[in-house]
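S.K.: Let's see this in three dimensions:
(2 chains)
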Amino acid sequence: GAVVSQHPSWVICKSGTSVKIECRSLDFQATTMFWYRQFPKQSLMLMATSNEGSKATYEQGVEKDKFLINHASLTLSTLTVTSAHPEDSSFYICSARGVTGGPLHFGNGTRLTVT
Amino acid sequence: KQEVTQIPAALSVPEGENLVLNCSFTDSAIYNLQWFRQDPGKGLTSLLLIQSSQREQTSGRLNASLDKSSGRSTLYIAASQPGDSATYLCAVAGSGGSNYKLTFGKGTLLTVNP
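M.R.: Predicted structure coming up:
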């Protein structure tokens, strides 16, 4: 089956630093990837939609200059949290849709803790 | 704006019981509805997907129903097992061009006691 690999699975960083999270589709090509954020006991909230080779579309209230998304190939999208602050601590999950459509496939998520 | 509500927020049952998880959504113009399972600190596993034209889907001990007009879905788990313990998430996909943008509920935390 289709597999989405997310790396790292957890990361701890100091306030003010930047963190990059990778989302890879391992056995299929993904034209579209989605980035979600989940705070404790809250639902997953869509942050942005990234399409290969074009700029990401951000949801209302999500700062595009803070959460940089790059989808440079059909198998890789990256989310960079710039100048991270403790309030950015959350669980970030990506999902991917294949070029032929079909269901979304989710990564295992990245637990970000900013100290 | 679509809103998805899941009831109950948490549920604890003894092993072997049949149980029902509820999901409601405010905008009936959906493309599909999915039920996911999420284990602690992990990603999502898709359990069942119901297209807007369908009424139910079944997979093993799981059965999901959809009543689009009333904005409701239920996930029925038969003969629950301790391994079923997880958070169950309901998500709806909007119709039209946004049919891959999912709106999630907060989930139901299920604990099945041996």
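S.K.: Please make it C-alpha for all contacts and neighbour counts, starting now.
M.R.: Fine.
S.K.: So for stretch A:43-56, mean pLDDT?
M.R.: The average of the pLDDT scores along stretch A:43-56 is 89.
S.K.: Restricting to C-alpha, output it in PDB.
M.R.: Output of stretch A:43-56 as PDB, limited to C-alpha atoms (Å, rounded to 0.1, in the frame of the first residue of the first chain):
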ATOM      1  CA  SER A  43      -8.900  18.200  16.300                       C
ATOM      2  CA  LEU A  44      -6.400  18.200  13.400                       C
ATOM      3  CA  MET A  45      -6.400  21.600  11.700                       C
ATOM      4  CA  LEU A  46      -5.400  22.100   8.100                       C
ATOM      5  CA  MET A  47      -2.600  24.500   7.900                       C
ATOM      6  CA  ALA A  48      -1.800  24.500   4.200                       C
ATOM      7  CA  THR A  49      -2.100  22.700   0.900                       C
ATOM      8  CA  SER A  50       1.000  22.300  -1.200                       C
ATOM      9  CA  ASN A  51       1.100  21.400  -4.900                       C
ATOM     10  CA  GLU A  52       4.200  20.300  -6.600                       C
ATOM     11  CA  GLY A  53       6.000  23.100  -8.300                       C
ATOM     12  CA  SER A  54       3.800  25.900  -7.100                       C
ATOM     13  CA  LYS A  55       3.300  28.000  -4.000                       C
ATOM     14  CA  ALA A  56       1.400  26.600  -1.100                       C
END
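S.K.: Flag every buried residue along it.
M.R.: Within stretch A:43-56, the residues scored as buried using 16 or more other Cα atoms under 10 Å in any protein chain shown are A:Ser43, A:Leu44, A:Met45, A:Leu46, A:Met47, A:Ala48, A:Thr49, A:Ser50, A:Asn51, A:Glu52, A:Ala56.
S.K.: So which residues of chain A form strands?
M.R.: A:4-7, A:10-13, A:19-25, A:30-38, A:45-51, A:57-58, A:67-73, A:76-81, A:90-98, A:101-106, A:110-114 (DSSP state E).
S.K.: so which of the buried residues of stretch A:43-56 comes closest to A:Phe91?
M.R.: A:Phe91 has its nearest neighbour among the buried residues of stretch A:43-56 in A:Leu44, at 9.0 Å by Cα to Cα.
S.K.: Could you list everything A:Ser25 pairs with in the sheet?
M.R.: According to DSSP bridges, the partner residues bridging A:Ser25 are A:Val4.
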